[in-house]
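sequence first, then the predicted structure:
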Amino acid sequence: MRIFRRLLGIALIATIALPIAFVSSAVLWHYIAPTYYAYKWSNDFNKIKTIDDAEICSQADRDIFVYKFDNNEWLIARCETSCCSGAGYDISIIHDSQGNTYMNTDYSFCGKDIGEIFQRFEGKNSRPPKSLDDFYKHTQIPLVKRSGPGA
């Protein structure tokens, strides 16, 4: 009889504790994941030095977007979103040919739709960006400098 009561007690504790642990880990991951994402992709992107490296990286991961400007400057970007990937958070990481890495945790683009950032330049009265300076000067997305010269 004692063994039965102990097993019943253990089963009762397990049925209460396991869902609490699962929910707690999901909530905790919601707060940890953006930091992990920013760290991982910033470090990976900081290793990229050429447009060829960036294009190889984008071929290996379909969620990476590479854009080459008319003056041969370039940028590479990746994001996670609540809406498309179900990540539960929004974050974008952008790395450019000048060695700068920027991020935004308030707004994200949906996968390859990160090209949307360039469509903001392509209205009736505007044009696509011609350089990184042009891009950063006119983009409406607030970006926080994470690394690079002057960070």
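Structure's in. What do you need?

what's the following helix or strand after the one helix or strand in the chain whose mean pLDDT sits lowest?
Here the helix or strand of the chain ranked lowest by mean pLDDT, DSSP states H and E is helix 116-119, holding a mean of 59. Next in sequence after helix 116-119, counting helices and strands by DSSP states H and E, comes helix 132-138.

per-residue confidence averaged over the helix or strand just after that next one?
As assigned by DSSP H and E, the chain's next helix or strand after helix 132-138 is strand 144-147. Averaged across strand 144-147, the pLDDT comes to 71.

by contact count, what packs against strand 144-147?
helix 2-46, strand 101-104 (3 or more CB pairs under 8 Å, 6 or more residues apart in numbering; DSSP states H and E). Where you see a C-beta, it was placed from the backbone N, CA and C, and this is true even at glycine.

state the paired neighbours of the last one in the sheet, together with their directions.
What it means is strand 101-104. strand 91-96 (antiparallel), strand 144-147 (antiparallel) (DSSP bridges).

with mean neighbour count as extra columns, can I get those strands in TSV?
Supplementary listing: the strands paired with strand 101-104 in TSV, determined by neighbours: other CB atoms under 10 Å:
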stretch	mean neighbour count
strand 91-96	24
strand 144-147	15
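
now distance to Pro128 too, for those, in TSV please.
Output for the strands paired with strand 101-104, formatted as TSV (distance: least, CB to CB, whole Å):
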stretch	distance to Pro128
strand 91-96	16
strand 144-147	23
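
now for those, which one comes closest to Asp63?
With CB to CB as the criterion, Asp63 lies closest to strand 91-96 of those, at 10.9 Å.

name the surrounding residues that touch the closest one.
34, 37-38, 41-42, 45-46, 48, 73-80, 101-105, 107-109, 114, 132, 141, 143, 146 (CB atoms under 8 Å, 6 or more residues apart in numbering).

of those residues, buried ones?
In those, burial by neighbour count holds for 34, 37-38, 41-42, 45, 48, 73-80, 101-104, 108-109, 114, 132, 141, 143, 146, counting by 16 or more other CB atoms under 10 Å.

low-confidence ranges, the protein, go.
For the chain, the stretches flagged by pLDDT under 70 are 1, 12, 14, 17-30, 82-87, 107-127, 140-142, 147-151.

thank you, goodbye.
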